[in-house]
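A.B. asks: The following block contains a protein sequence and its predicted model.
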Amino acid sequence: MTQDAPHGSGNDTASLLSGVVAGIGKLVKGELALARAEATAHLRQAAGGLGRLAAAAVIGLVGLQYLAGAAAAGLVAAGLGPVWSPLIVGLVLCAVAAALSYAGRATLVPGEAVPRRSLRNLRRDAAALKTAITPEGVRHV
């Protein structure tokens, strides 16, 4: 007499493998959704930084036009020469513009757009799958 494999063991292996494949699919979909959410959050942050820079530029240009004229006139009235007054006002305004530009650029960090958590999770999941799937078959973890 020959000893046959238990009836249904082929179905058990097939259902186990289909469960593993379905689990991997769900895992990848979840990680992609996380990466998309992270990228969207970083893009919103960058858009906010760009909006603040644009608003600062428009408001600053209008306000500085009036303030520069008033400051130069005030320095002339205080006794400073008509050549030196606009020069001093212009240098001060350039320093303020440089500070605003630096502050706006600080929010636009290119490395922050990388979905680090998703990449870390994908690497961890790949390592777990490598240890769970052996050449002999699927090992229960």
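C.D. replies: Yes, it's here.

A.B. asks: Look at residue 72 and say how many residues are nearby.
C.D. replies: 19 (other CB atoms under 10 Å). Glycine gets a C-beta too; all of them are placed from N, C-alpha and C.

A.B. asks: name the helices or strands packed onto the longest helix along the chain?
C.D. replies: Of all the segments of type helix in the chain, defined by DSSP state H, the longest one is helix 9-77. If contacts are counted by 3 or more CB pairs under 8 Å, 6 or more residues apart in numbering; DSSP states H and E, helix 9-77 sits against helix 84-106, helix 116-132, strand 137-138.

A.B. asks: between it and helix 116-132, how many degrees?
C.D. replies: 160 degrees (axes from the mean of the first three to the mean of the last three CA atoms, to 10 degrees).

A.B. asks: next one: helix 9-77 to chain centre, how far?
C.D. replies: 5 Å (CA atoms, centre = their mean, to the nearest Å).

A.B. asks: And for stretch 103-121?
C.D. replies: 4 Å.

A.B. asks: Flag the shaky bits of this protein, pLDDT-wise.
C.D. replies: 1-10, 110-114, 132-141 (pLDDT under 70).

A.B. asks: closest one to residue 39 among the helices and strands packed on helix 9-77?
C.D. replies: helix 116-132 (8.9 Å; CB to CB).

A.B. asks: what's the closest one packed up against?
C.D. replies: helix 9-77.

A.B. asks: contacting residues around residue 67?
C.D. replies: Contacts for residue 67 (CB atoms under 8 Å, 6 or more residues apart in numbering) come out as none.

A.B. asks: hang on, residue 38 packs against residue 117?
C.D. replies: Yes - between residue 38 and residue 117 there is a contact at 6.5 Å, judged by CB atoms under 8 Å.

A.B. asks: more crowded one of those two?
C.D. replies: residue 38 (18 against 13).
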